Each structure stands twice: as structure tokens, then as C-alpha cells.
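Peer 1: Sharing a model prediction with you, sequence too.
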Amino acid sequence: MPERIVAAVRGNAEDKAPRKIAVESIESFVGPNLEELATFSKTELFHSFKRLLDTYNERVAAVENDKSLLIEMPRNLL
């Protein structure tokens, strides 16, 4: 997510509920957690990321009419 969007969302959150909502980009939240789950192994990182995308796609497919929200699996994860 572009930093300008994150900054705008942080500003809105601060206006609505001062000092009660934390806003982080998905990249800054998910990336370190994936690395930790993968125990810093490149192979495990790929497996963890693939499982994350599979789970996301399964959940989106189950409830969303808009299938454009599905993420195409990158070739290096197949």
C-alpha cells in the first residue's frame, strides 16, 4: 500500500478515535510474520507464503462474488 494512503488512513483513524487505532500497511504486518513463521528459511518462507495465498483465495472464493479479488499464484510458488 502506498505510504500516502497509509498516512491518510492513520489521519482518519486519529480523527475518529484518537490514540485508539493502530494502522499498518499489510506489507509491514504480514512480511515479518511470514519470515518468523518460516524460521528465516527461504524454503519455508516460500511454503508459508503459498499457504497464506491459498488460504486467502479459499476464503475469498467462498464469500465474494467479485472473483477479481483472487490472487493469481506466482509461478515460483507452484
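Peer 2: Okay, I see it.

Peer 1: from here on, contacts and neighbour counts on C-alpha atoms
Peer 2: OK.

Peer 1: Where does the prediction get shaky in this protein?
Peer 2: Along the chain, segments meeting pLDDT under 70 span 1.

Peer 1: Pop the domain breakdown of it in here.
Peer 2: 1-29, 38-78 (automatic domain parsing).

Peer 1: Identify the residues contacting the lengthiest helix in the chain?
Peer 2: In the chain, taking DSSP state H as the definition, the longest helix is helix 42-63. Around helix 42-63, the neighbours that count as contacts under CA atoms under 8 Å, 6 or more residues apart in numbering are 34, 35, 37, 38, 39, 67, 69, 70, 71, 73, 77.

Peer 1: change it to 10 Å
Peer 2: 30-31, 33-39, 41, 66-74, 76-78 (CA atoms under 10 Å, 6 or more residues apart in numbering).

Peer 1: just stretch 12-24 next, same as before
Peer 2: Residues outside stretch 12-24 that contact it (CA under 10 Å, 6+ apart) are 1, 3, 6, 7, 8, 9, 10, 11, 29, 30.

Peer 1: Any chance of TSV for these, columns secondary structure and neighbour count?
Peer 2: As requested, those are arranged in TSV below (DSSP: H, G, I helix; E, B strand; the rest coil; neighbours: other CA atoms under 10 Å):
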residue	secondary structure	neighbour count
1	coil	10
3	helix	10
6	helix	15
7	helix	14
8	helix	12
9	helix	16
10	helix	16
11	helix	13
29	helix	11
30	helix	14
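
Peer 1: among those residues, which two are most distant?
Peer 2: Within those, 11 and 30 form the most distant pair, 21.8 Å apart (CA to CA).

Peer 1: Mind giving me the ChimeraX command for buried ones among the contacts of helix 42-63?
Peer 2: Burial among these is assessed by 16 or more other CA atoms under 10 Å; the matching ChimeraX selection reads:
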select :34,35,38,70
